Structure formats: structure tokens, C-alpha cells
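**Student:** Coordinates only, no sequence provided:
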């Protein structure tokens, strides 16, 4: 009887995910799978095209005649469509962080298909991302029930979100006019900042447009409202601006540097924008909110670790571990603090490496 009562209390305290959240979750995970797989398929296509023509990195376009590359592009488009649809069903705080799953899919498939080594740090990064994603999924807020695009328009024109949007636009204008000419080629945060700020607004527009299309397909035509078309134009402008500066960032800086910083800033600002506009945290207690934030930080940690160590070779990893071992031995045998060790370690590291072969 007591057990039955405990089970009943647990059921009351945890209502589970709504059907819309489940749909959004499935679409977001499907999107991550398709996008993650598309990178591998496109890379296979690029490698195959390089054997018969000029490589893309050298200015060649032979990959355009390679069916495998086009298969990768189609896979990516399918993934982006699924991601677009996910925002129509689930809150941004659930959908956006799950973009990290595509990194895990890409790393795992690269290990299996492309024979790219996934070392221990990469495995740990994948595990952290999975744990963080699971935490967010289990504690994500329920999707707000909206019956018309006019309701979304009312949310977008509330003072709180208007202030946020004005601050974002002002910040973007200042960065573009003042900081990019001076620091664009030397500071990665400049281009990435513009992408992330504009991206947070674009996701809100995408969500509004997705809700309008979802309602239209369910029989409530939202295309007759001018707000739907305003959101469509707004999304187009935001995405074009976002892609322009993201391309500049990728062309100027290393992808391994751009990707994790962009993911952190874009996801953080998108969650902030969604909390302000759609009030995702209304009805949630502090414990749920803190748990979601912990899950998000865990994903960030895993993503950062995976990106920063993905190009580390076995030799580099071996040298790094040997350095740590020797440094620890040096501290024990010579009674010096660790921060004093590096200046004395070169000889000892070389000696240890020779001993280990």
C-alpha cells in the first residue's frame, strides 16, 4: 500500500513530456543524426572527387560532379528541415542544445567510416554531451500552447523582448561599424559575436514561422495574417546576415576554434531570448532550472573537449601523458611545487620517452 502511494506521488510529481515535446525531441535528434552524417558523406565525396580532379581546398569544383557529395548535401538539407520543424513543437531550451548530438554522430561515424582516430578525450567529450543532453531532455519545460501566429506576435512585441531585440541590434551595429574594421582579422569573438547575436533572433523568428506553418497544416490557415510574412522576411534577413559573418569567421580562423565558441555563444543567447520571449521557465521551480543549466554546462564541457582535442594525434597524446607522469615524479622526488617543474623537465621528459620507446 505504501509502495503504491509512493508510486502515485512520483507520477504526480513527474508528469512526463508532452506529446509536442516528444515530437520536437524526435525531430531534433533526427536533425542531429542527418547533419552529423552529412559531414561524413560529403567528406567521402570530396575525397573521391579529389582523385579525379582538383581538390576543393585548391579551388577545384570537381566535387559538384560527385553523386556522393550531393547525397551529403541532401542529407544536410533534410537535417535542417527537421531542425526547423522541431522548433514548432518544442521550446528552444530543449531543441538548441541538442545540436551537440550532431558533433557526437559526426565523430563516431568518422571513427568508423573514415578511420579517423577517436581517442580517450574525444570519448569523454561524447559521454559528457550525452549526459548533458539527457539531463536537459528530462527537465525541459513544456511547450506553450499557441493557437494563432498573432499570439506569437504579441509575445514578440512585449516590452521585455523588444528591449532584448533592440539591445541585440544595437550591439550588432556597434560591432559591425566599430570593432570589425579594427579587430575582425585578429579576434574571433568579433565575427562570432555577430553570428550569435543575430542567430538568437533568427531562432525566435524560425520558431514563430514554424508554429504558423504547423497551425496551417492542421487546418488553421495562418498565411492570411501579415505577421506570418513579417516573420518570414525577418528570418531571411537574419539567416543571410548570420551566414555572411559565419563564413567570414571560418575563412579567417581555424574551425576548431570557431565551432565551440560559436556553439556556446549561439546556444546561450538563444536560450536567453527564448526565456524572455516565450517565458520557458514560467511554471518551473528553481531546482528544474538549475538542473537544466547544469545539463547545458555539461554539454558545453563535452563539446569543448571534443573540439579542442579532435586533431590531437596519438603521439601528441602520448607525449602529454608522459609529461604529466614525469612532472608528478619530479614533484615527489624533488619536493618542488608543480608550477616550478616545467623549467627542469625537458631532460627528464626526453629520458622517459626514450625509455618507453
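**Tutor:** Arrived safely. Note that the structure is predicted; figures quoted are calculated from it, not measured. Numbering: from 1, shown residues only.

**Student:** For the stretch 51-200 of the chain, which residues score under the pLDDT cut-off?
**Tutor:** Residues of the stretch 51-200 of the chain meeting the criterion pLDDT under 70: 55-60.

**Student:** need the helices for it, in chain order.
**Tutor:** Taking DSSP state H, counting those that start in this stretch as the criterion, the stretch 51-200 of the chain contains helices spanning 67-89, 92-95, 100-112, 120-139, 149-156, 159-174, 180-183, 188-217.

**Student:** mind listing what's buried in stretch 171-181?
**Tutor:** For stretch 171-181, burial by neighbour count (16 or more other CB atoms under 10 Å) applies to 172, 175, 176, 179, 180. C-beta here means a position set from N, CA and C on the backbone, and glycine is covered the same way.

**Student:** Check the burial of residue 238 by counting its neighbours.
**Tutor:** Neighbourhood size, residue 238 [other CB atoms under 10 Å]: 20.

**Student:** try residue 167
**Tutor:** Residues near residue 167, counting by other CB under 10 Å, number 11.

**Student:** How about the one 3 residues further on?
**Tutor:** The number of residues packed near residue 170 is 11, by other CB under 10 Å.

**Student:** same question, residue 285
**Tutor:** Neighbour tally, residue 285, other CB under 10 Å: 9.

**Student:** Look up phi and psi at it.
**Tutor:** Per-residue torsions, residue 285: phi -90, psi 160 (degrees, to the nearest 10).

**Student:** for it, what are its contacts?
**Tutor:** By CB atoms under 8 Å, 6 or more residues apart in numbering, the contact set of residue 285 is empty.

**Student:** State the distance from it to residue 241.
**Tutor:** According to CB to CB, to the nearest Å, residue 285 stands 37 Å off from residue 241.

**Student:** ok, now residue 95?
**Tutor:** In this view, residue 95 and residue 241 are 21 Å apart by CB to CB.

**Student:** Between those two, which is the more surrounded one?
**Tutor:** The residue with more neighbours, out of residue 95 and residue 241, is residue 95; 28 against 19, by other CB under 10 Å.

**Student:** ok, that one touching residue 86?
**Tutor:** Yes: Residue 95 lies in contact with residue 86 (CB atoms under 8 Å); the separation is 4.7 Å.

**Student:** overlap in contacts of these two?
**Tutor:** Counting by CB under 8 Å, 6+ apart, the contacts common to residue 95 and residue 86 are 24, 28.

**Student:** Quick check: buried residues in the helix or strand where residue 297 lies?
**Tutor:** Element membership for residue 297, per DSSP states H and E: helix 286-309. Buried residues in helix 286-309, counted by 16+ other CB under 10 Å: 289, 291-292, 295-296, 298-307, 309.

**Student:** Can you give me the separation between residue 24 and residue 85?
**Tutor:** Distance of residue 24 to residue 85, computed by CB to CB: 8 Å.

**Student:** actually residue 300, sorry about that
**Tutor:** With distances taken as CB to CB, residue 300 is found 25 Å from residue 85.

**Student:** what does residue 112 give?
**Tutor:** The gap separating residue 112 from residue 85 is 28 Å, by CB to CB.

**Student:** These two - which one has more neighbours?
**Tutor:** Using other CB under 10 Å as the criterion, residue 112 and residue 85 rank with residue 85 on top: 22 against 11.

**Student:** Now do the contacts for that one.
**Tutor:** Residues near residue 85 by CB under 8 Å, 6+ apart: 27, 210, 214.
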